[in-house]
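Engineer: Here is a sequence together with a model predicted from it:
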Amino acid sequence: MTRESRITALAGLLLFGLLGRLAGNPSGLSVLPLSGYSGKLKAFFALPNEPVKEGDASRRIPLVPFSAKVNGRIGAYRLGDWPSEKREIANPIYANPRGFVEVTPENVSTRLSEHFTLGQFLTKDQSSVWPKYVVVQPRLVDKLELTIAELAREGHPVRRLFVMSGFRTPEYNEQGVGAGGRSEVSRHQFGDAADVYPDDQGKGRMDDLNGDGRVDTQDARILAKAAEAVEREHPELVGGIGIYPATSAHGPFVHIDARGTRARWGW
C-alpha cells in the first residue's frame, strides 16, 4: 500500500467514525457517561430501535421519534415547528431533536436525577392536555446537578434548584420572540436550557445566598459563578449562563444551558 493510499484509508476510517457518532448524536456534543459526570443521573432516553444493555434497561425512558410530529402536533398536544424546519441552519447544535418523551399523569414524577423530575421541565401551557411531550438533554440535568454540588462546596448548600422554565415548545417560545424577548433559536426548544434559582425557603423566589438580607442579582451571580466553575471542571458541558434581574413578574434567576459553546450575558 502506498503512502497516499494509507492516508486515504485512514481519512476514510476517521470520517466513518465521525459520521457514526453524529448519526446517534446529531449535535456532535460529547456523550455523557450513563450516570453523568455528577454520578446522579438516574435515567436516559433512547429511541425504540436503539440497542440498550440488559443491565441498563430499567433506566431507559423511551423516546417518541421526531417524525411522529405531524402539522406541528402529536395528537392533541401542540408543539409547533423547530427553527431548522423553517429554514436551513448549518450549525448542528440547531438540529431537530431526535425525539420526545411522552409525559402522562402516571410518569410525570419520574426522577431523572437525584434532584430533578421529568415534570419540572414541561412547557408551561396546555395544562389540560395529556399526554404532553418534552425534550430534556441529560447533559443539562447533569450540569444542574454539578451546580448544586458546587454551591455546597462554596458554602451555599441548597436542597434543590427550582426550574422556572425548562423545555419550551417552539409554539410557546414564539409567543415571546422579539426585541428584548426570547430568541427565535432559544436553547429551551432543544431541551438543554433551564431558567433556575434555589428556593429552599419555598417562597417562590431565589434564596438570599449571600445573607445580606436582600434577594437580588448578587445572589444570582453566586449561582452563575457556580455554574461557571462546573464548566471549568467539565468543559464537555460548556454553554450559556445568563443573569436576569427581578421584575414585577418574577425574582432574579439564572439561565443555564449546555449548548456546546460558551455564551455569557447579564453579568
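Structural biologist: Done, it's in. These numbers were taken from a predicted model, which means no experiment stands behind them.
Engineer: I'd guessed residue 151 sits against residue 222; true?
Structural biologist: Yes. At 7.5 Å, residue 151 counts as touching residue 222 under the criterion of C-beta atoms under 8 Å. Yep, even glycine has a C-beta here, placed from its N, CA and C like the rest.
Engineer: joint contacts of the two?
Structural biologist: residue 209 (C-beta atoms under 8 Å, 6 or more residues apart in numbering).
Engineer: so where do the strands sit in the stretch 151-267 of the chain?
Structural biologist: In the stretch 151-267 of the chain, the segments counted as strands under DSSP state E, counting those that start in this stretch are 161-165, 193-198, 240-244, 253-257, 263-265.
Engineer: between these, which one is nearest to residue 75?
Structural biologist: Each of those was scored for nearness to residue 75 using C-beta to C-beta, and the closest is strand 161-165 (23.6 Å).
Engineer: Poorly predicted segments of the stretch 101-250 of the chain, please.
Structural biologist: Along the stretch 101-250 of the chain, segments meeting pLDDT under 70 span 178-180.
Engineer: How about the residue most central in space within the chain: what's its closest non-neighbour residue?
Structural biologist: Centroid-nearest residue in the chain: residue 192, 2.0 Å away (criterion: C-alpha atoms, centre = their mean). The shortest distance from residue 192 to any non-neighbouring residue, by C-beta to C-beta, 6 or more residues apart in numbering, is to residue 137 (4.0 Å).
Engineer: Could you list which residues are in contact with the residue nearest to residue 237 when sequence neighbours are not counted?
Structural biologist: Leaving aside its chain neighbours, residue 237 sits nearest to residue 143 (4.6 Å; criterion: C-beta to C-beta, 6+ apart). Listed by C-beta under 8 Å, 6+ apart, the contact partners of residue 143 are 227, 230, 234, 237, 239, 256, 258.
Engineer: got these as a markdown table, with distance to residue 62 columns?
Structural biologist: Listed next are the contacts of residue 143 as a markdown table, based on distance: C-beta to C-beta, whole Å:
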| residue | distance to residue 62 |
| --- | --- |
| 227 | 30 |
| 230 | 29 |
| 234 | 28 |
| 237 | 25 |
| 239 | 26 |
| 256 | 27 |
| 258 | 22 |
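Engineer: re earlier: contacting residues around the residue nearest to residue 192?
Structural biologist: Residue 137 sits next to 190, 191, 192, 258 when contact means C-beta under 8 Å, 6+ apart.
Engineer: Just put those in TSV and tack on distance to residue 73.
Structural biologist: TSV is the format used below for these (distance: C-beta to C-beta, whole Å):
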residue	distance to residue 73
190	19
191	18
192	23
258	28
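Engineer: Among the residues you listed, which one sits closest to residue 206?
Structural biologist: Closest approach to residue 206 among the contacts of residue 137 (C-beta to C-beta): residue 258, at 21.2 Å.
Engineer: Let me know whether the closest one touches residue 138 as I believe.
Structural biologist: No. Under the criterion of C-beta under 8 Å, residue 258 makes no contact with residue 138, lying 9.3 Å away.
Engineer: Neighbour count: those two, which is higher?
Structural biologist: residue 258 (31 against 22; other C-beta atoms under 10 Å).
Engineer: for that one, what are its contacts?
Structural biologist: Taking C-beta under 8 Å, 6+ apart as the test, what residue 258 contacts is 29, 137, 139, 140, 142, 143, 192, 193, 237, 238, 239.
Engineer: One more pass at 6 Å, please.
Structural biologist: Taking C-beta atoms under 6 Å, 6 or more residues apart in numbering as the contact definition, residue 258 lies against 139, 140, 143, 192, 237, 239.
Engineer: what does the domain assignment say about the protein?
Structural biologist: 1-29, 32-265 (automatic domain parsing).
Engineer: Fine by me, thanks again.
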